[in-house]
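Undergrad: dropping the sequence and predicted coords here.
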Amino acid sequence: EPEVTQTPSHQVTQMGQEVILRCVPISNHLYFYWYRQILGQKVEFLVSFYNNEISEKSEIFDDQFSVERPDGSNFTLKIRSTKLEDSAMYFCASKGNTEAFFGQGTRLTVV
Amino acid sequence: AQSVTQLGSHVSVSEGALVLLRCNYSSSVPPYLFWYVQYPNQGLQLLLKYTSAATLVKGINGFEAEFKKSETSFHLTKPSAHMSDAAEYFCAVSDGRRGGSQGNLIFGKGTKLSVKP
């Protein structure tokens, strides 16, 4: 069964460093998303991506965040200068028609 | 704007008992509604979805949910809880008019289900 894969599963970084979270969506899907879940809180929408551009983004997705689909298969989330409050589980999702399929997540810990 | 309210951050039931997890939504447009389950240290798995067809939706693992427009509800039920059902459950809504790129999901805060032997 096709699945969304995310790497790494866990990343620890120092405050102020840049991180790139990687995702390989399901191959025939066209819509891609990043969500995050701070420990103990709800899953929050960050950004949606279609046709090689951002289609929608939340207030959380400020200038320190960017997304890219560099090679037609990977979908990346870059956080330019990480802050302590960026520590969270980050989920990638891709969608065909109606339902989104989620990856297992990357747990980002900023120290 | 759309939003989801899940009543009860924690629900505890005995094995074999009825499971009822409540979800109310707010949407100014026809909604698509979803229930996702998250097992510890795992991602989100789709349990079931409502996309404007039948109002009673059956999902995996014996779960079902009924869309009630008059009550703006989409409660999740299972007749008989199993120990393996212990997990966190998230209700989510998206814009039913825009099934593609604009249809990002808005999640509720989640309900943690515990099942006692």
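TA: Everything's here; your move.
Undergrad: what about stretch A:44-56, near chain B?
TA: Yes. Stretch A:44-56 reaches chain B (C-beta under 8 Å from any C-beta of the partner chain) through A:44-45, A:48-51, A:55-56. Any C-beta I mention is one placed from the backbone N, CA and C, and that applies to glycine too.
Undergrad: give the buried subset of the residues you listed as a ChimeraX selection command.
TA: Listed next is the ChimeraX selection for buried residues among the residues of stretch A:44-56 next to chain B, using 16 or more other C-beta atoms under 10 Å in any protein chain shown:
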select /A:44,45,48,49,50,55,56
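Undergrad: format the residues of stretch A:44-56 next to chain B as CSV; extra columns: pLDDT and secondary structure.
TA: Formatted as CSV, those follow (pLDDT from 0 to 100; DSSP: H, G, I helix; E, B strand; the rest coil):
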residue, pLDDT, secondary structure
A:44, 91, strand
A:45, 90, strand
A:48, 91, strand
A:49, 91, strand
A:50, 87, strand
A:51, 86, coil
A:55, 87, strand
A:56, 87, strand
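Undergrad: and the residues of stretch A:44-56 next to chain B, which is closest to residue B:72?
TA: Nearest to residue B:72 among the residues of stretch A:44-56 next to chain B: residue A:45, at 20.4 Å, using C-beta to C-beta.
Undergrad: residue contacts, the closest residue to residue A:58 other than its chain neighbours?
TA: Nearest in space to residue A:58, with sequence neighbours left out and distances taken as C-beta to C-beta, 6 or more residues apart in numbering or on different chains, is residue A:45 at 5.1 Å. Each residue near residue A:45 by C-beta atoms under 8 Å, 6 or more residues apart in numbering or on different chains is listed here: A:33, A:35, A:58, B:104-107.
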